[in-house]
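Visitor: sequence below, structure please.
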Amino acid sequence: MLKRKHMGGFTLMEFLVGALVSSAVLYSISLATVNNLRSAGVESDRHKLNATLRQVLDIMTRDIGRSGYWANAASLLNSSNSNPYSTITNTASCVLFSYNRDTPVPSLPPADDEQYGFAFTGNAVYARTAGTPWDCNNTTAWSALTDSNVVEITSLTITRMWPEDTAATTASATEDGLSYTVHRTVSGNSVLCVREYQISLSGRLKKKPTITQTYQATIKVRNDEVKRGVTSAPTCA
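Guide: Reported below is the predicted structural model:
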């Protein structure tokens, strides 16, 4: 007698259930992949913004910190000479300064290529270059340090870290919360001015303005300013 063999396989219902489970797994994998790529893209954009802001802040702090360097500074000893590179002028969003590169001659003003500055205008940070006005009110010809088509600078604040204050020789905690020496008398008619500045820089991505960042830095100008011929109360304003 012939025996009937049973054929193995899946029923239609089993096949449909298997296909549904497989589709759900594939969808989950695809969704995770898309989310990972999206997160990676956001992190890449954030890194681009952070790198730009850190680079600009590093350039500013290093350059401003050099302010006042003069190769002929020894001539200040036992003389009435003044350092022609010592002056720093700043507004809330601009700073002008100079340091000696190639003209170590007493009493001469800084050469054109020794005059520097940084300013915030039009969603970018600009640096003063030789041949352009050394003026915070005329920065249109300066060179941009940032590309506003990629990163928009939203704020640049430059603050001297003590008030344009008093005849006191130190800034008390009640004035600005800091406990360092602001200035001290060097001799009867001379004053040594210690200078520190705080920079706050904020920016965002042009195409993704919700991605923002702010960095701050404190600058100690390494070359203190010596003021001669002080006849009244000493001031470093």
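Visitor: what's the longest helix in this structure?
Guide: Among the elements of the chain assigned as helix by DSSP state H, the one spanning the most residues is helix 12-65.
Visitor: per-residue confidence averaged over it?
Guide: pLDDT averaged over helix 12-65 equals 80, rounded to a whole number.
Visitor: tell me which strands and helices it is in contact with?
Guide: Judged by 3 or more C-beta pairs under 8 Å, 6 or more residues apart in numbering; DSSP states H and E, helix 12-65 is in contact with strand 94-98, strand 115-121, strand 124-127, strand 151-160, strand 196-205, strand 212-220. C-beta here means a position set from N, CA and C on the backbone, and glycine is covered the same way.
Visitor: quick one: that helix to strand 196-205, angle?
Guide: Put simply, helix 12-65 runs at 150 degrees to strand 196-205, going by axes from the mean of the first three to the mean of the last three C-alpha atoms, to 10 degrees.
Visitor: what's the angle between helix 12-65 and strand 212-220?
Guide: Our comparison of helix 12-65 with strand 212-220, counting by the same axes, to 10 degrees, yields an angle of 30 degrees.
Visitor: now whichever helix or strand comes after helix 12-65: mean pLDDT?
Guide: On the C-terminal side of helix 12-65, the closest following helix or strand by DSSP states H and E is strand 89-91. Model confidence over strand 89-91, given as mean pLDDT, is 90.
Visitor: same question for stretch 145-160.
Guide: Along stretch 145-160, the predicted local confidence has a mean pLDDT of 94.
Visitor: so which bits of it are buried?
Guide: Judged by neighbour count using 16 or more other C-beta atoms under 10 Å, the buried positions of stretch 145-160 are 145-146, 151-153, 156, 158, 160.
Visitor: adding distance to Val25, write these out as a markdown table.
Guide: Supplementary listing: the buried residues of stretch 145-160 in a markdown table, determined by distance: C-beta to C-beta, whole Å:
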| residue | distance to Val25 |
| --- | --- |
| Leu145 | 50 |
| Thr146 | 46 |
| Val151 | 41 |
| Glu152 | 43 |
| Ile153 | 47 |
| Leu156 | 51 |
| Ile158 | 57 |
| Arg160 | 62 |
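Visitor: show me which of those is closest to Ser44.
Guide: Val151 (13.6 Å; C-beta to C-beta).
Visitor: excluding chain neighbours, what is closest to that closest one?
Guide: Excluding the flanking residues, the one nearest Val151 by C-beta to C-beta, 6 or more residues apart in numbering is Thr52, at 4.7 Å.
Visitor: is it true that Tyr197 touches Met161?
Guide: Yes: contact criterion C-beta atoms under 8 Å: Tyr197 and Met161 qualify, at 6.4 Å.
Visitor: looking at the two, which is more packed in?
Guide: Residue environment comparison for Tyr197 versus Met161 gives the larger neighbour count to Tyr197, 21 against 18, counting by other C-beta atoms under 10 Å.
Visitor: quick one: contacts for the more buried one?
Guide: 64, 90, 95, 158-161, 218-219, 221 (C-beta atoms under 8 Å, 6 or more residues apart in numbering).
Visitor: what about 6 Å?
Guide: 160, 219 (C-beta atoms under 6 Å, 6 or more residues apart in numbering).
Visitor: show me the contacts for Ala92.
Guide: Thr157.
Visitor: please begin residue numbering at 40 from this point
Guide: With the count now opening at 40, the last piece we talked about shows up as Ala131.
Visitor: partner residues bridging Gly242?
Guide: Ile192, Gln252 (DSSP bridges).
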